[in-house]
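Enquirer: pasting the sequence and the predicted model now:
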Amino acid sequence: MPTAIKFENISKQYRLGVVSTQTLSHDLNRWWKMNVRGKEDPYLKIGEVNDRAHKGESEYVWALKDINFDVQQGDVLGIIGKNGAGKSTLLKILSKVTAPTTGTIKAAGRIASLLEVGTGFHPEMTGRENIYMNGAIMGMTKAEITRRFDEIVDFSGVERYIDTPAKRYSSGMTVRLGFAIAAHLEPEILVVDEVLAVGDAEFQKKAIGKMQDVSKGEGRTVLFVSHNMAAVESLCNKGLVLENGTSAFSGGVKESIDYYLQGNTFSNEKIIDKIEKFNTSINLNKITVNGSENNHLYVNRENNTINIEITGEIFKEIHMELEMFMFDMRGTLLAFFSPAHKTGITPIHKVGKFKFSYQFELPKNMSKGEFYFDIELNEPNVQNLMVIRRNLFVSSTGFITETGFELNYSTRGLLIL
């Protein structure tokens, strides 16, 4: 197969906290070396790898350093790695949102990118106008866009709001329409960052199916960034693992996922990947698990009880419930826990400080491995108030290993506990 994308020595350097080099002497030195003498940027010789967890010695960091790989036409490449590994930076360079500090990218064909919610949308334009504007930017004629227009609108599911300004769209509607545009305007290369996580389950399934059709049925190339390993494994045939801005592994998708998961064993470090607050009427103060703020647990058959306590503050009276979702490290949903599900009662919380305290037992047939929880605070049937992603991590020794086998309960469907 011909090469669709070729990355050659791609590096991206940033100076922390400032624009330019901050000092006139440094800026003049850079201008003299590069523009008059025709030499390389003198500040490229310094800098450290982008390890966000540790304080460095230098003000310069390499968000990406010496990335080299090829993507063949028709490949679906899953780019995986921790937050801050350089995944989004790599896609932004490919999409020409930012320029590399060193190196070149050669791409064969048009590139359609969906890098964040609202990519390429003008908030004052309607959905209809944004479709035509995005198509024109990609070099398509009005007739070509019109031919695909009904298909785009039907796929996005926002027909009722197609003549409403995009600024009035929810984040989910924006992602739906943005993906529909990117996928249906016949790009040779489709670039999708983590944005699909914003959409609902039905749309995520449609989007992954469409990307499979684009790659397998139409022979186009897809680059896909996600923390959902199940989605990466089902969609992609190749994988690239980034660590601290460098290429750590590339190969088949299963081998890439295994490499990534093996390198992400738990430590005692407290990590919360992401907190999404959807309502300004709530603040989170503290989460404790079994009386400790350390959110990494090691469990076995005799020690499988979890007591989680969440404290915070609300600024208006509201019905609020706690829900917890348990995933394996590939992102497959395994179990759902909720005190309101057990009691059938959703408490009313008055203005002031609140506290959720919930004790539950992990499934007795839990297999050996590592798992994580997403925690949600919701106003039932109205809205998400707050989502705390990847907050609680559990490492299991396997609860029934003494019987001579292990039952992976993810194959039995969702447990509601």
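Expert: Here it is on my side, so go on.
Enquirer: got the contact list for the most centrally placed residue in the chain?
Expert: Centroid-nearest residue in the chain, with C-alpha atoms, centre = their mean: E194, separated by 3.4 Å. By C-beta atoms under 8 Å, 6 or more residues apart in numbering, the contact list for E194 reads S88, V225, S226, H227. (Glycine included, C-beta is placed from N, CA and C.)
Enquirer: and the last one, that's in a helix?
Expert: No: counting by DSSP: H, G, I helix; E, B strand; the rest coil, H227 is not found in a helix; it is coil.
Enquirer: how many other residues sit next to it?
Expert: By other C-beta atoms under 10 Å, the residues close to H227 number 18.
Enquirer: relative to M329, how far out is it?
Expert: Per C-beta to C-beta, to the nearest Å, H227 is found 10 Å from M329.
Enquirer: before we move on, the earlier item: need the pLDDT of the residue nearest to the centre of the chain.
Expert: Model confidence at E194, given as pLDDT, is 76.
Enquirer: repeat that for the one 3 residues further on.
Expert: Per-residue confidence (pLDDT) for A197: 66.
Enquirer: related to what we said a few turns ago, make JSON lines from the contacts of E194 and add pLDDT and distance to K65 to it.
Expert: Below are the contacts of E194 laid out as JSON lines (pLDDT from 0 to 100; distance: C-beta to C-beta, whole Å):
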{"residue": "S88", "pLDDT": "88", "distance to K65": "16"}
{"residue": "V225", "pLDDT": "89", "distance to K65": "18"}
{"residue": "S226", "pLDDT": "84", "distance to K65": "23"}
{"residue": "H227", "pLDDT": "80", "distance to K65": "22"}
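Enquirer: domain ranges for this protein?
Expert: The record's domain parsing of the chain by automatic domain parsing lists 72-262, 274-416.
Enquirer: using TSV, lay out the ones you listed together with distance to Y60.
Expert: Listed next are the domains of the chain as TSV, based on distance: least, C-beta to C-beta, whole Å:
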stretch	distance to Y60
domain 72-262	10
domain 274-416	27
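Enquirer: by mean pLDDT, show me the worst of the ones you listed.
Expert: Across the domains of the chain, the lowest-scoring stretch is domain 274-416, with a mean of 75.
Enquirer: what is the host helix or strand of T311 packed up against?
Expert: Secondary structure from DSSP states H and E places T311 in strand 305-314. Strand 305-314 is packed against strand 282-289, strand 352-361, strand 369-379, strand 383-396, with contacts defined by 3 or more C-beta pairs under 8 Å, 6 or more residues apart in numbering; DSSP states H and E.
Enquirer: T332: neighbour count?
Expert: 17.
Enquirer: surely it and A231 touch.
Expert: No: using C-beta atoms under 8 Å, T332 makes no contact with A231, being 9.6 Å away.
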